[in-house]
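**Q** Next one to model:
(one chain, ligands or ions: 2)
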Amino acid sequence: MASDTLHRRGLMFILSSPSGAGKTTIARRLLAEDPEIALSVSATTRPMRPGEVDGKDYHFVSQDEFDRMVEANEFFEWAHVFGHSYGTPKAHIRAGLKEGQDFLFDIDWQGTQQLHQKAQADVVRVFILPPSLDELRRRLIGRATDSAEVIAARMARAQAEISHWDGYDYVVVNDDVEACFTQVAEILRAERMRRTRQTGLIDFVRELTRG
Ligand SMILES: Nc1nc2c(ncn2[C@@H]2O[C@H](COP(=O)(O)OP(=O)(O)O)[C@@H](O)[C@H]2O)c(=O)[nH]1
Ligand SMILES: Nc1ncnc2c1ncn2[C@@H]1O[C@H](COP(=O)(O)OP(=O)(O)O)[C@@H](O)[C@H]1O
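**A** Ligands and ions are numbered 1, 2, ... in the order given. Presented below is the predicted three-dimensional model:
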């Protein structure tokens, strides 16, 4: 048995950032280039943006349906952000982790704290920072998905979000997108090799040391 084919448990890879710093850009690329990681698709009550696909970017649900899911205990965690509800459905993730599937989470610091409390051993937390607040504003304007009002609200919230940087295992500055992506991919690669995730190791080492 080669050591790189040992069975391992999947991990929960969390990417957070102040809105506009680039976590969606980094996340999409990771998902496109790495077949072992899948997006944890959150449920949300916010309206769909142009280009988004129901069931792929989010499960877009009504407030009534969201409330039903909360009642039925179907979320790992949930939160209100910018006046809408967001939550992480849990059944699919629990089953996938056992099979060695990694999941990527695009969630805020509150969700990160809750996930970390509930699944500490499986969670890897990465925070993406913008190179400056001016650049953050330029990116939010350049993305052209939000009104001036929403952009102002996101900028007002950015400093509060940045203040949670120390609740993460890794912090990466997204100045050059290539460099940032490479760093995030390296973190993922190294975390997969943690001894505690390599569930096939016990038998492998037992075999190696027999006799
Ligand atoms: N707690 C929690 N936060 C989430 C979840 N899904 C998305 N969010 C956060 O909700 C916020 C708004 O997300 P979105 O409307 O897609 O706008 P974005 O800021 O451009 O990514 C972001 O900070 C996300 O990280 C979730 O399942 N749980
Ligand atoms: N390193 C970068 N340099 C310049 N623009 C970037 C960089 N990373 C992301 N962007 C752009 O900034 C905008 C916000 O990025 P996005 O990934 O949507 O952020 P978030 O998901 O954190 O809100 C997008 O238009 C994206 O193309």
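
**Q** Just the element for the closest residue to ligand 1 within the chain, please.
**A** Closest contact between the chain and ligand 1, by Cβ to the nearest ligand atom, is at Gly111 (2.5 Å). For every residue, glycine as well, the C-beta is placed using N, CA and C. Element membership of Gly111 [criterion: DSSP states H and E] is helix 109-119.

**Q** That helix packs against which elements?
**A** In terms of contacts (3 or more Cβ pairs under 8 Å, 6 or more residues apart in numbering; DSSP states H and E), helix 109-119 is packed against strand 12-16, strand 75-81, strand 84-89, strand 102-106, strand 123-129.

**Q** Out of these, which gets nearest to Arg28?
**A** strand 102-106 (9.6 Å; Cβ to Cβ).

**Q** who's in contact with that closest one?
**A** With Cβ atoms under 8 Å, 6 or more residues apart in numbering as the test, strand 102-106 has contacts from 10-16, 23-24, 27, 30-31, 36-40, 42, 88, 93, 96-97, 111-112, 115, 188, 192.

**Q** Then stretch 78-97?
**A** 9-12, 38, 40-46, 59, 63, 66, 69-70, 74-77, 103, 105, 107-108, 110-111, 114-115, 122, 150, 153-154.

**Q** List the buried residues for it?
**A** For stretch 78-97, the neighbour count (16 or more other Cβ atoms under 10 Å) marks Trp78, Ala79, Val81, Ser85, Tyr86, Gly87, Thr88, Pro89, Lys90, Ile93, Gly96, Leu97 as buried.

**Q** Roughly how far does the fourth one sit from Val177?
**A** To Val177, Ser85 is 30 Å away according to Cβ to Cβ, to the nearest Å.

**Q** To what extent is the residue of the chain closest to ligand 1 buried, counted in neighbours?
**A** 23 (other Cβ atoms under 10 Å).

**Q** Flag every residue of this protein that's near ligand 1.
**A** 19, 24, 42, 46, 77, 79, 81-82, 86-88, 106-108, 110-111 (Cβ under 6 Å from any ligand atom).

**Q** hey, least reliable of the helices and strands packed on helix 109-119 by pLDDT?
**A** Among the helices and strands packed on helix 109-119, strand 75-81 carries the lowest mean pLDDT, at a mean of 90.

**Q** for that one, the distance to its chain's centre please.
**A** Distance of strand 75-81 from its chain centroid, counting by Cα atoms, centre = their mean, to the nearest Å, is 13 Å.

**Q** Likewise for stretch 171-183?
**A** 16 Å.

**Q** Show me which residues of that stretch are buried.
**A** Val172, Asn174, Cys180, Phe181, Gln183.

**Q** hmm, back to that, can you flag the buried ones in the contacts of stretch 78-97?
**A** Among the contacts of stretch 78-97, the ones that count as buried (16+ other Cβ under 10 Å) are 9-12, 38, 40-45, 59, 66, 69, 74-77, 103, 105, 107-108, 110-111, 114-115, 122, 154.

**Q** re the thing from before, dump the helices and strands packed on helix 109-119 to TSV, plus distance to Thr199.
**A** Formatted as TSV, the helices and strands packed on helix 109-119 follow (distance: least, Cβ to Cβ, whole Å):
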stretch	distance to Thr199
strand 12-16	16
strand 75-81	21
strand 84-89	23
strand 102-106	14
strand 123-129	17
